[in-house]
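In: What would the 3D arrangement of this be:
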Amino acid sequence: MTIICYPRCSTCRKAESYLKEHGIAYTYRDIKEDRPSKEELASYIDRSGLEPRRFFNTSGQLYRDLGLKDRVKEMSREEIISLLATDGMLVKRPILVTEDAVLVGFKEAEWESLL
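Out: Numbers count the residues shown, from 1 in each chain. As a prediction, the model looks like this:
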């Protein structure tokens with residue numbers, strides 16, 4: 001299992017603490033240093049069952065700077081994936097990638113039911 005995070009993100013730190021507290025082995029991946037590729041993002045979206053727009057970090061500065069709030073509604077799946085792949089800071093985190101599922105964001109109950 002892999003957790004894709006940004007080290008300075010408090011939600012990512014909570015998610016990582018959860019995994020450690022429960023003795024769950026994982027691989028850590030820094031989203032800024034090793035951002036997901038288009039192919040990975042497409043796979044994560046498919047496996048998560050979420051709409052592609054749900055993968056945006058809507059509280060991030062870059063999202064606001066690019067004025068994506070209104071633009072994202074008009075974007076195709078391919079456009080969203082291409083844009084997300086340009087900068088890890090656009091991607092909602094953490095992303096938990098397991099053999100069977102992909103979770104985006106940290107909701108303890110959701111993680112508990114999967115793990």
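
In: Please report how far the residue of the chain positioned farthest from its centre lies from Leu90.
Out: What lies farthest from the middle of the chain is Gly23; by CA atoms, centre = their mean that is 22.0 Å. Separation of Gly23 from Leu90 (CB to CB, to the nearest Å): 32 Å. From N, CA and C alone the C-beta is placed, and that goes for glycine too.

In: can I assume Lys69 sits in a helix?
Out: Yes. Counting by DSSP: H, G, I helix; E, B strand; the rest coil, Lys69 falls inside a helix.

In: what's the neighbour count on it?
Out: Neighbour count of Lys69, defined by other CB atoms under 10 Å: 11.

In: per-residue confidence at Ile24?
Out: Ile24 carries a pLDDT value of 96.

In: Can you tell me, leaving aside adjacent residues, what's nearest to it?
Out: Spatially, and ignoring its direct neighbours in sequence, Ile24 is nearest to Leu115 (6.0 Å; CB to CB, 6 or more residues apart in numbering).

In: Next one: that neighbour from Asp34, what distance?
Out: Distance from Leu115 to Asp34, by CB to CB: 23 Å.

In: More neighbours: the two, which one.
Out: Higher neighbour count among Leu115 and Asp34: Leu115, with 15 against 10, using other CB under 10 Å.

In: so what's the more buried one up against?
Out: Counting by CB atoms under 8 Å, 6 or more residues apart in numbering, Leu115 makes contact with 22, 24, 98.

In: Apply 10 Å and report the result again.
Out: 1, 18-19, 22, 24, 26, 96, 98, 101, 103 (CB atoms under 10 Å, 6 or more residues apart in numbering).

In: From the opening residue of stretch 87-101 to its closing one, how far?
Out: End-to-end span of stretch 87-101 (CA to CA, to the nearest Å): 23 Å.

In: Since that was my last question, I'll sign off now.
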